[in-house]
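Participant: starting from these lines, generate the structure:
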Amino acid sequence: MILVPFLSEKRVLVMGLGKSGTATARALMASGAKVTAWDDNEASRKAALGLPVSTPDLSQTDLVVWSPGIPHTHPVDKAHPLAAKARAANIPVICDVELLALAKPANRFLAVTGTNGKSTTTTLLAHVLAEAGREVAAGGNLGTAALDMPDLSTDGRYVLELSSYQLELVECLRVQAGVLLNITPDHLGRHGGMDGYMAAKRRLFDLIAEGGTAIIGVDDDHCARMADQLPGAIRISAEQTLERGISAADGILRVDGVELIDLRSIARLPGRHNWQNACAVFALARADGIAPDVIAKALETYPGLAHRQQLVTEIDGVTYVNDSKATNADAAEKALVCYGRIHWIIGGQAKEGGIESLVPHFNRIAHAYLIGEAADAFAATLEGRVPYTKCGELVTAVTAASAMAEPGSVVLLSPACASWDQFKSFEHRGDVFRQLVEGLK
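Facilitator: Next comes the predicted model:
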């Protein structure tokens, strides 16, 4: 836990009692702040045991710590009115990442954002830093909430995965190196459209410390145009070989065109999307002073990220892969291109655009197993292109896929959907998949 003693005796409202909100409230209480905690969801309030839950009163509030998942500006019809009222009363509205930055001003921060690949890049960077002997902690949008991370010495590094929601709510954070991996349409309603989403992501570059390093992927049109406005940024690519920058178009990581690391031999980093992640990590680690040979050795020992193309097991020649973190079509595509004959478990709460963009990869699908709310819509897209079975629930899909899959094929959970129709989170969905697969033995 990280304490924020400068807020002792301050009246702080914590809005939202999910993982980050509860961690923030407990850290603030331990720091001597006068905390009020609130969540509009009654179940969340009841689950917040030991926290001072009460109806918000802005007249008794000096600061609001806002859980980024709660809309505060867009969509206009869903934005929580408390945020506007607080700002109108000149009460700061920030998130827990800002508190972390204020509490640890002497530490180095390295940041990762993008539509896809954030979690793998964050965990891979933390692994490389640890292997290089750095004191490091990773969190933010990924896994550990900001104030739940360990209180590192001033030599320690905090690796932060930052969502677009969090980037809207930070001002004082300064990062020594930060990367924007990519931008594809996501959370558009929350940001008032694509321009708002891109503006939120671009805020990362406003947070680069003086003398720090800005890094940007250039494999999508949105980021490529943005890179033209950032002449000092290091460019990374897994689609083209860059004369200036870090690239791995053929799986060979190159710096300014010079070959350094063969990524194709690293089993836990399959596919072009992971080559981009590796380029980002190389740039970030090098910005932190780590030698290329140390980075290369660390990449080889990366254990992989749970729920992101995670190998569960092999049974009778069939490989089972948990890619539950693929919550949109673009993320699912990263897995589809890695395998040749796929029994695809897909569905949940559909994102905008569905799976139409994945049609070019349907030739890899032996059979699809549809679950959740999106089953009917996805069936319409698959009709006449891919054989499918409407399974409804994950247990039915796993059972059916295991019965139909032949040796040499892959049973892939890569849902291209949010999980909330049937599960608590994508982690919960992936854990259930893993348990079901283990039960097949």
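
Participant: and the gap between the residue of the chain most remote from its centre and R87?
Facilitator: Here the centre of the chain is the reference, and by Cα atoms, centre = their mean the most remote residue is S59, at 35.8 Å. Using Cβ to Cβ, to the nearest Å, one gets 15 Å for the distance from S59 to R87. Any C-beta I mention is one placed from the backbone N, CA and C, and that applies to glycine too.

Participant: and what of L167?
Facilitator: Taking Cβ to Cβ, one finds L167 at 17 Å from R87.

Participant: those two: which has the busier surroundings?
Facilitator: L167 (24 against 14; other Cβ atoms under 10 Å).

Participant: for that one, which non-adjacent residue is closest in space?
Facilitator: Closest residue to L167 apart from its sequence neighbours, by Cβ to Cβ, 6 or more residues apart in numbering: R203 at 4.4 Å.

Participant: cool, A306 as well?
Facilitator: G430 (6.9 Å).

Participant: helix/strand/coil for L125?
Facilitator: helix (DSSP: H, G, I helix; E, B strand; the rest coil).

Participant: neighbours of the nearest residue to it once chain neighbours are set aside, how many?
Facilitator: Distance criterion Cβ to Cβ, 6+ apart; nearest residue to L125, sequence neighbours excluded, is V281 at 4.8 Å. By other Cβ under 10 Å, 34 other residues sit near V281.

Participant: any idea how far V136 is from V281?
Facilitator: 13 Å.

Participant: repeat for V321
Facilitator: Using Cβ to Cβ, we find V321 at a distance of 28 Å from V136.

Participant: ok, the residue nearest to L167 - contacts?
Facilitator: 167-168, 170 (Cβ atoms under 8 Å, 6 or more residues apart in numbering).

Participant: check for me that it belongs to a helix.
Facilitator: Yes - counting by three-state DSSP, R203 falls inside a helix.

Participant: so, low pLDDT: which residues of the stretch 51-200 of the chain?
Facilitator: Low-confidence segments of the stretch 51-200 of the chain, defined by pLDDT under 70: 76, 185-193.

Participant: could you pull out the strands for it?
Facilitator: 63-66, 93-94, 108-113, 136-140, 157-161, 175-180 (DSSP state E, counting those that start in this stretch).

Participant: show me what the fifth one is packed up against.
Facilitator: Contacting strand 157-161 under the criterion 3 or more Cβ pairs under 8 Å, 6 or more residues apart in numbering; DSSP states H and E are the following elements: strand 108-113, helix 118-131, strand 136-140.

Participant: that older thread, next step: the contacts of R203 restricted to helices.
Facilitator: L167 (DSSP state H).

Participant: and the strands in the stretch 301-441 of the chain?
Facilitator: In the stretch 301-441 of the chain, the strands defined using DSSP E, counting those that start in this stretch lie at 310-315, 318-322, 342-347, 349-350, 365-371, 388-392, 410-413, 417-418.

Participant: just say which of those strands is most tucked in.
Facilitator: strand 342-347 (a mean of 28; mean count of other Cβ atoms under 10 Å).

Participant: so what strands line up beside it?
Facilitator: Strand 342-347 has these partner strands in its sheet, going by DSSP bridges: strand 365-371 (parallel), strand 410-413 (parallel).

Participant: so what touches it?
Facilitator: 332, 336, 355, 364-375, 378, 391, 394, 397-398, 401, 404-405, 409-417, 433.

Participant: how far is that strand from where the chain is centred?
Facilitator: Chain-centre distance of strand 342-347: 22 Å, with Cα atoms, centre = their mean, to the nearest Å.

Participant: now do it, average pLDDT.
Facilitator: Per-region confidence: strand 342-347 scores 98 on mean pLDDT.
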